[in-house]
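Chemist: Here's a sequence, model it:
(chains A and B)
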Amino acid sequence: MTDGASPVLAIANSFSWNPVADWQALTGQAYMRDALLAGTIAAAVCGVIGYFVVMRGLTFAADALTHIGFTGASGAVLLGLSPVAGLLALTMATAVGIGALQQRMRGRDVVTGMILVEALGLGVLFLRLSSGYSNQTYALLFGNILALSVRDLVVLGVAGAVALLAIAAVFRPLLFASLDEEVAESRGVPVRRLGIGFVVIVAIAAAAATQVVGALLAVILIVAPAASAQRLTHRPLLGIALSVIIALLATWCGIAIAFWQPYPVSFFITSLAAVVWGVTRLLTARRFGSVTLHHAHAHAH
Amino acid sequence: MHALTGTVITGVPFSANPIDDLQQLLQFEFMRNAFVAGTAAAVAAGVVGYFVVLRSLSFAAHALTQIGFAGATGALAAGVNPIYGLLLINSAGAALIGGLGRRRRGRDVVVGVVQSAGLGLGLLFLALYRAHEAVPVLVGDAFGISATQVLITVLCSVAIVFAVALAFRPLLFASLDEEIAEARGVHIGLVSVLLLFVLAVTVSVDAPIIGVLLTFSLVVGPAATAALVSPRPGRAVALSVALSVLYIWVGLAVSYWVDFPPSVFVTGLAFSGYLAARAWRGGERRSGHA
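Modeler: Have a look, this model is predicted:
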């Protein structure tokens, strides 16, 4: 990495076994408090929204949206605008498209794939046009949570609050439609509109996760905590709470470890999320031998 | 790095005479290497891509290309040729995805987690290596392909095409109708794992040329276009190969004169081709109904 490309590498604080002193060191710097706050917002948003992403099988769409965020952000940099604004604008615009297409052609992942192809190509082109490949490239692709601006934090907070309120407003019909789309539709739930609207909300989660771990790694923060939670419990509210807790733990611990270790914070966050998911899979492997979550839910209702 | 820094490219005038241009294009060894390796890698991508599209493996293909980042940066950190790292990590990724994602439901989560974990690992290797080498890994380094790499790429591509040709009928059968194929004795699990491994090798040879970020476009783009144009498998595979080779050639040629990585042009062509095929199909369907 070039000089100052990532503040992560510059940090090598000494770890003491005194938890009070460590806590004070950890939260002593403004950038660390900002990072922990941003991580908390993103973890809450991703934990909640990710629950439905996993249920609805939208991991690939979520991943495509994070990559499209990269295009939006690099395009905004090229135009001299705020990267976060470009990221949110393009992901939400594309989300409408992906949402509409997903409804029409279920299982056709090629469409999502082709949107992804163009998004990545344009993203690389924009970067090449604007600055060559700068530190910003690394921040966009691999996250830069230790160097967020106050403006980034405000945008993240507002977008996250909007997304969570939107989920709260449609919670019951969304859960119903995610569990059994056909039955929900026959009961008068506007499944199609709900589906498109939900992908737009996923775009916000994608933007939030991108702020924390970068566009390339973001999808794990959305799906790994939620998928782990769904293997641990079949109860939706408990599952969502667990999903948020796992996301929070991965984010906080990742930031804390990176504070004492000279390696990239995004690596620690993604690895922790992956390890929790892997361990949960191992622990629940027998229970999930024949019964899937979907079936269990279908029986419960 | 030539295409990125522009050291070689600048000062080469483009003439209207195609023969002169072609001579100029192929006078340097690095260009010939790029064309030979690019062609071989494109053929492999075109063949395997068809089955990726047919079996809805786009997400897995995307994940395998991206975890290659860890392989390439890990190999750089260890001081070996990136292609060995790519082959190793992509095969491991294929095994993980194939092993953990046996059931359709939840498979997308497996792919997503494996992908992000792989990329995170790549980030660690990059930090360990402490270099600016991420950009060639991400967007490719077509003009920095060594003679050894050309040889590896050609050998792997021949092996890929050979493997697919051998398994062509069961692969096609399993892709078109899994249940009937299984009833007729095709081992679906074996076919799926084989395809994932072939895919892993394919993206490993493509990644050094057009980068881990954009290899996906060469695997899925031409094949998705071909599948739209022709319902007949043989023709579709042939078209898919022709398109991917064409995209690579145009991308390499244009980037010789214009200081941009070839992968940017390859991606643009792949997407435009796909849109054109969709528009053509849409028009055909409307006139068919009328």
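Chemist: In chain A, what residue comes closest to chain B?
Modeler: A:Gly121 (2.7 Å; C-beta to the nearest C-beta). For the C-beta atoms, the positions are set from N, CA and C on the backbone; glycine is no exception.
Chemist: How about that residue: what's its closest non-neighbour residue?
Modeler: Spatial nearest neighbour of A:Gly121, chain neighbours left out: B:Thr267 (2.7 Å); criterion: C-beta to C-beta, 6 or more residues apart in numbering or on different chains.
Chemist: okay, now that neighbour: neighbour count?
Modeler: B:Thr267 has 31 neighbouring residues, counting by other C-beta atoms under 10 Å in any protein chain shown.
Chemist: That one touches A:Val117, doesn't it?
Modeler: Yes. Applying C-beta atoms under 8 Å, one finds B:Thr267 in contact with A:Val117, separated by 5.9 Å.
Chemist: Common neighbours of those two, please.
Modeler: B:Leu214, B:Ser217, B:Gly221 (C-beta atoms under 8 Å, 6 or more residues apart in numbering or on different chains).
Chemist: can you narrow the residues you listed to ones near chain A?
Modeler: B:Leu214, B:Ser217, B:Gly221 (C-beta under 8 Å from any C-beta of the partner chain).
Chemist: Can you say which of these are buried?
Modeler: Buried residues within those, counting neighbours by 16 or more other C-beta atoms under 10 Å in any protein chain shown: B:Leu214, B:Ser217, B:Gly221.
Chemist: on that earlier part again, chain center to whichever helix or strand the residue nearest to A:Gly121 is part of, what's the gap?
Modeler: Per DSSP states H and E: B:Thr267 is located in helix B:262-289. Centre-to-centre, helix B:262-289 and its host chain are 19 Å apart (C-alpha atoms, centre = their mean, to the nearest Å).
Chemist: Can you get me a residue count around B:Asn81?
Modeler: Residues lying near B:Asn81 (other C-beta under 10 Å) number 16.
Chemist: quick one: it and chain A, what's the gap?
Modeler: 22 Å (C-beta to the nearest C-beta, to the nearest Å).
Chemist: Likewise for B:Glu29?
Modeler: To chain A, B:Glu29 is 25 Å away according to C-beta to the nearest C-beta.
Chemist: and that residue, how many neighbours?
Modeler: As a burial measure, B:Glu29 scores 11 neighbours (other C-beta under 10 Å).
Chemist: ok, now B:Val53?
Modeler: 28.
Chemist: can you list the buried ones among the ones next to chain A among the shared contacts of B:Thr267 and A:Val117 in CSV and add secondary structure and pLDDT?
Modeler: Below are those laid out as CSV (DSSP: H, G, I helix; E, B strand; the rest coil; pLDDT from 0 to 100):
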residue, secondary structure, pLDDT
B:Leu214, coil, 85
B:Ser217, helix, 90
B:Gly221, helix, 93
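Chemist: Pull up the residues of the stretch 151-300 of chain A that are close to chain B.
Modeler: Near chain B, when you scan the stretch 151-300 of chain A using C-beta under 8 Å from any C-beta, you find A:213, A:216-220, A:223-224, A:227, A:262-264, A:266-267, A:269-271, A:273-274, A:277, A:281, A:292-294.
Chemist: Just the buried ones from those residues, in ChimeraX syntax?
Modeler: Buried residues among those (16+ other C-beta under 10 Å), as a ChimeraX selection:
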select /A:213,216,217,218,219,220,223,224,227,263,264,266,267,269,270,271,273,274,277,281,293,294
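Chemist: ok, back up a step: just give me the closest of the buried ones among the ones next to chain A among the shared contacts of B:Thr267 and A:Val117 to B:Thr148.
Modeler: B:Leu214 (23.1 Å; C-beta to C-beta).
Chemist: and the closest one, what is it in contact with?
Modeler: A:Val117, A:Leu120, A:Gly121, A:Val124, B:Val139, B:Gly140, B:Ser263, B:Val264, B:Val266, B:Thr267.
Chemist: Point me to the helix or strand that includes the first one.
Modeler: Here A:Val117 is covered by helix A:109-131, with elements defined by DSSP H and E.
Chemist: helices and strands around that helix, which ones?
Modeler: Using 3 or more C-beta pairs under 8 Å, 6 or more residues apart in numbering or on different chains; DSSP states H and E, the elements in contact with helix A:109-131 are helix A:59-79, helix A:83-104, helix B:58-78, helix B:215-229, helix B:262-289.
Chemist: what about A:Gly72, neighbour count?
Modeler: 33.
Chemist: in terms of contact, does it touch A:Ala89 like I think?
Modeler: Yes. A:Gly72 is within contact range of A:Ala89, at 6.0 Å (criterion: C-beta under 8 Å).
Chemist: Look at A:Leu216 and give its secondary structure.
Modeler: coil (DSSP: H, G, I helix; E, B strand; the rest coil).
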